[in-house]
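Turn this into a model:
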Amino acid sequence: MAQRVTKSVNGLHEDLAKVQINGNGVNGHSANSNGVKTNQRRKMDRKKSSPMMPTFMVSAPGKVIVFGEHAVVHGKAAIAAAISLRSYLLVTTLSKSKRTVTLTFPDIDFNHSWIIDDLPWSTFSHPSKKKYYYDLVTTLDEDLVAAVQPLVHDVSPDKPADIRKVHQNSAGSFLYMFLSLGSQSFPGCQYTLRSTIPIGAGLGSSATIAVCMAAALLLQLRTLSGPHPDQPAEEARLQVERINRWAFVYEMFIHGNPSGVDNTVSTQGKAVVFQRTDYSRPPSVRPLWDFPELPLLLVNTQTAKSTANEVAKVGRLRDTHPKLVESILDAIDQVTQSSAELIEHEDFDTENEEELRKVGELMTINHGLLVSLGVSHPRLERVRELVDHEGIGWTKLTGAGGGGCSITLLRPGVPRSKLDCLEQQLETEGYQKFETTLGGDGVGVLWPAVLKNGMDEDEEGGMEIDLENFLKAEGNEGVERLVGVHGGVGEREGWKFWRVEN
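Take a look at the predicted model:
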């Protein structure tokens with residue numbers, strides 16, 4: 001496998017090779033290993049410095065559960081799909097003299113650096129512990145977890161306990177993966193992350209970070225081929241699986257025993273049918289490679305929820321009324337299976353309102369069954385009331401319920417005036433609304449971090465996304481405009497994705 005990857009030719013390595021051949025640094029100047037301009041006249045016997053890797057960006061989508069919430073906890077199937085709200089990771093390589101690795105997540109006020117040479121490399125590189133990029137890691141090594149704990153303990157000591165926990169989880173999961181994949185010779189780097197995904201809303205925000213980090217490190221190690229337009233689907237799937245395996249390692253550090261669904265959807269995009277009948281074994285995950293892109297209205301109730309409480313509530317109800325609740329869970333499973341059959345049918349047409357109506361009706365039925373299990377919330381029902389009143393689409397809760405988010409499949413041709421009226425009402429009542437797309441692309445790469453956007457700077461090679469303007473981008477709108485997805489126009493020239501469709 002390693003030999004295959006080494007021999008593969010891909011766009012990313014071609015770009016890097018051009019930089020090496022031309023002897024140019026990241027900004028197009030002749031540079032030494034510290035990024036300092038040098039005299040073009042060099043002694044013939046002087047060995048040329050290796051150029052720094054160019055600044056690049058990785059992006060991964062959030063997810064929603066479209067069908068099967070709660071039933072999936074009891075061994076039934078569920079469908080999860082990617083959404084166009086995404087996390088974006090900017091990777092900046094430092095000069096050789098800077099031997100630090102830094103995480104900067106401004107959206108959660110997190111910034112921390114470690115000296116690379118002080119990290120516990122000897123523990124992670126021991127023959128009994130060492131892992132490689134192609135390994136499948138299904139459990140964390142307790143000794144390795146213990147080795148990073150002193151480094152995690154020093155993170156955000158002055159922050160409140162809840163915030164500090166988030167920061168330490170981010171630090172620990174990154175260090176575990178960084179030390180597993182890297183080596184002491186790894187270059188100094190800064191990893192800066194911005195996200196347009198609400199945190200704690202059941203949209204898989206931590207998984208998007210995991211996918212971005214895994215893809216970035218594997219790219220830096222040059223163990224991925226592509227993405228490029230002519231890449232065979234089988235090869236693309238191999239690269240996606242490699243990213244997904246290491247994203248799962250990141251998720252395990254945070255969540256202990258995650259299902260793996262969030263990172264799978266975030267990595268490959270589109271949608272999956274997943275089912276877990278035995279919690280001592282991994283879930284069954286069946287990709288829906290041909291899942292269509294559908295217009296979606298995502299509404300965050302901004303009401304705190306507890307997944308554990310909602311799951312326990314259904315468990316107690318099942319214990320009290322076993323036959324009745326089991327029949328409801330079976331009905332939810334039938335909805336999930338019916339929707340998968342409908343969407344996967346070769347004649348399914350997203351432009352056909354009648355076929356979209358069938359999907360919408362299944363969403364409505366699924367929501368009604370969840371309501372009967374007691375996991376909705378007045379704020380979620382209010383969204384349904386507002387949407388139904390205007391005839392805008394079909395709405396259901398997504399995730400555990402008890403707050404969190406709702407999703408609405410939009411009817412084709414809904415007047416903009418109706419959507420604007422709904423947005424105004426939702427804003428008045430304290431909701432957060434996102435117009436997004438269901439079933440879009442998975443992990444993507446912008447290499448180098450330069451966009452072509454149809455503006456004057458294209459004549460000079462495009463607009464570079466540097467660290468300063470990435471940090472200064474204001475809110476979701478500012479981030480999306482900067483990275484090229486503002487206004488629903490899709491990624492601008494430069495973004496590439498591993499295409500894994502049939």
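
the strands in the stretch 151-300 of the chain, which residues?
Taking DSSP state E, counting those that start in this stretch, the strands of the stretch 151-300 of the chain run over residues 189-195, 271-275, 284-288, 294-300.

The third one packs against which elements?
In this case it means strand 284-288. Packing partners of strand 284-288 (3 or more CB pairs under 8 Å, 6 or more residues apart in numbering; DSSP states H and E): helix 261-268, strand 271-275, helix 322-344. To be clear about C-beta, it is placed using only N, CA and C from the backbone, and glycine gets the same treatment.

Distance check, the residue nearest to the spatial centre of the chain against Asp158.
When CA atoms, centre = their mean is applied to the chain, the residue found nearest the centroid is Thr208 (2.2 Å). With distances taken as CB to CB, to the nearest Å, Thr208 is found 27 Å from Asp158.

now Ser97
Ser97 sits 30 Å away from Asp158 when distances are taken as CB to CB.

mind listing what Gln425 touches?
By CB atoms under 8 Å, 6 or more residues apart in numbering, the contact set of Gln425 is Leu386.

Quick check, pLDDT for it.
pLDDT for Gln425: 94.

Look at it and tell me its secondary structure.
The three-state label given to Gln425 by DSSP: H, G, I helix; E, B strand; the rest coil is helix.

gap between it and Asp319?
40 Å.

State whether Val500 and Asp290 are indeed in contact, as I suppose.
No: when contacts are counted by CB atoms under 8 Å, Val500 is not listed as touching Asp290 (10.5 Å).

what residues are shared contacts of these two?
Taking CB under 8 Å, 6+ apart as the contact rule, Val500 and Asp290 both touch Lys270.

More neighbours: those two, which one.
Neighbour tally, Val500 and Asp290, criterion other CB atoms under 10 Å: the higher count belongs to Val500, 23 against 15.

remind me, longest strand of the chain?
In the chain, taking DSSP state E as the definition, the longest strand is strand 77-93.

Next, the angle from that one to strand 294-300.
Orientation check (axes from the mean of the first three to the mean of the last three CA atoms, to 10 degrees): strand 77-93 against strand 294-300 gives 80 degrees.

Strand 77-93: how far from the chain's middle?
How far strand 77-93 lies from its chain's middle: 2 Å, per CA atoms, centre = their mean, to the nearest Å.

Just the buried residues of it, please?
In terms of neighbour count (16 or more other CB atoms under 10 Å), strand 77-93 has its buried residues at 77-93.

got the CA coordinates for it in CSV?
Provided in CSV are the C-alpha atoms of strand 77-93 (Å, rounded to 0.1, in the frame of the first residue of the first chain):
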residue,chain,number,x,y,z
ALA,A,77,-30.9,2.0,11.1
ALA,A,78,-30.4,5.7,10.7
ILE,A,79,-29.3,8.0,7.9
ALA,A,80,-26.8,10.9,8.4
ALA,A,81,-25.8,13.3,5.7
ALA,A,82,-23.3,16.1,5.3
ILE,A,83,-24.3,19.7,5.3
SER,A,84,-22.6,22.7,3.7
LEU,A,85,-21.7,24.3,7.1
ARG,A,86,-18.0,23.5,7.5
SER,A,87,-14.8,23.9,9.5
TYR,A,88,-11.7,25.4,7.8
LEU,A,89,-8.1,24.6,8.9
LEU,A,90,-5.2,26.8,7.8
VAL,A,91,-1.8,25.1,8.0
THR,A,92,1.2,27.4,8.2
THR,A,93,4.7,25.9,8.1
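
average pLDDT across it?
pLDDT averaged over strand 77-93 gives 94.

now the angle from it to strand 271-275?
Using the same axes, to 10 degrees: strand 77-93 against strand 271-275 is 120 degrees.

helices and strands around the helix or strand just after strand 77-93, which ones?
Later in the chain than strand 77-93, the nearest helix or strand by DSSP states H and E is strand 100-105. Helices and strands touching strand 100-105, by 3+ CB pairs under 8 Å, 6+ apart, are strand 110-115, helix 161-181, strand 189-195.

who does strand 100-105 pair up with?
Strand pairing for strand 100-105, determined by DSSP bridges: strand 110-115 (antiparallel), strand 189-195 (parallel).

Could you break the protein into its assigned domains?
Split into domains by automatic domain parsing, the chain comes to 51-272+444-497, 293-438.

How about the contacts made by Ile243?
For Ile243, the contacting residues are Val211, Ala214, Ala215, Leu218, Leu224, Thr267, Val443, by CB under 8 Å, 6+ apart.

ok so, going back, out of the helices and strands packed on strand 284-288, flag the one nearest Ala147.
Proximity to Ala147, assessed across the helices and strands packed on strand 284-288 by CB to CB, is greatest for helix 261-268 (23.4 Å).

Ala77 contacts Thr336, doesn't it?
Yes: under the criterion of CB under 8 Å, Ala77 lies in contact with Thr336, with a separation of 4.8 Å.

Now list whatever residues contact both of these two.
Residues touching both Ala77 and Thr336 (CB under 8 Å, 6+ apart) are Gly68, Ala71, Val273.

Please produce JSON lines containing the helices and strands packed on strand 284-288, extended by mean neighbour count and distance to Leu193.
Listed next are those as JSON lines, based on neighbours: other CB atoms under 10 Å; distance: least, CB to CB, whole Å:
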{"stretch": "helix 261-268", "mean neighbour count": "28", "distance to Leu193": "14"}
{"stretch": "strand 271-275", "mean neighbour count": "23", "distance to Leu193": "24"}
{"stretch": "helix 322-344", "mean neighbour count": "17", "distance to Leu193": "32"}
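
Output those in JSON lines; the columns should cover distance to Thr436.
As requested, the helices and strands packed on strand 284-288 are exported to JSON lines (distance: least, CB to CB, whole Å):
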{"stretch": "helix 261-268", "distance to Thr436": "14"}
{"stretch": "strand 271-275", "distance to Thr436": "14"}
{"stretch": "helix 322-344", "distance to Thr436": "18"}
